[in-house]
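Colleague: Return atomic coordinates for the entry below.
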Amino acid sequence: MRLLLDAHLSGRVVGRHFRERGHDVLALDEHRNLEGLDDPEVLELATKEGRILLTHNVKDFPDILRDWADEGREHTGCILLVGIQLAQFGQLIRSIEVALANAPAQQDWRNRSLFVGRR
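Modeller: Modelled structure (predicted):
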């Protein structure tokens, strides 16, 4: 799968885990030139690159995704992580793995948004 980790998710830990399992991961925290992107720009980048966005930002992204749907704009998928602390790497990873296993093809994520919590 092609994944984009939002800036607050650790590329060093979470990104490495998924890379070791064969996923193509872009982690914003690993690229200084991508620091400071606005949330809509993050979703645009994920879409442009055909990546599923993984984010812990449940404050802003539901509204952005709703706006995109209202405008008829398509995206390549979004997993919103809820109720898991950012430092709980094992829990974050397990929750993401379950979500990806339930929709195992990249195209399954087209215009799909999923809230994922503790597993």
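
Colleague: where in this protein is pLDDT low?
Modeller: 119 (pLDDT under 70).

Colleague: For burial, what's the neighbour tally of Asn111?
Modeller: 13 (other CB atoms under 10 Å). In this view, the C-beta of every residue, glycine as well, is placed from N, C-alpha and C.

Colleague: before we move on, what about Glu44?
Modeller: 16.

Colleague: got the phi/psi numbers for it?
Modeller: phi -60, psi -40 (degrees, to the nearest 10).

Colleague: just Asp29 next, same as before
Modeller: The phi/psi pair for Asp29 (degrees, to the nearest 10) is phi -70, psi -10.

Colleague: The residue lying closest to it once chain neighbours are set aside: what's it in contact with?
Modeller: Counting by CB to CB, 6 or more residues apart in numbering, Asp29 lies nearest to Gly11, which is 5.0 Å off, once chain neighbours are set aside. Residues near Gly11 by CB atoms under 8 Å, 6 or more residues apart in numbering: Leu5, Val25, Ala27, Leu28, Asp29, Glu30.

Colleague: Need phi/psi at Gly11.
Modeller: phi -70, psi -30.

Colleague: Just say helix, strand or coil for Ala87.
Modeller: coil (DSSP: H, G, I helix; E, B strand; the rest coil).
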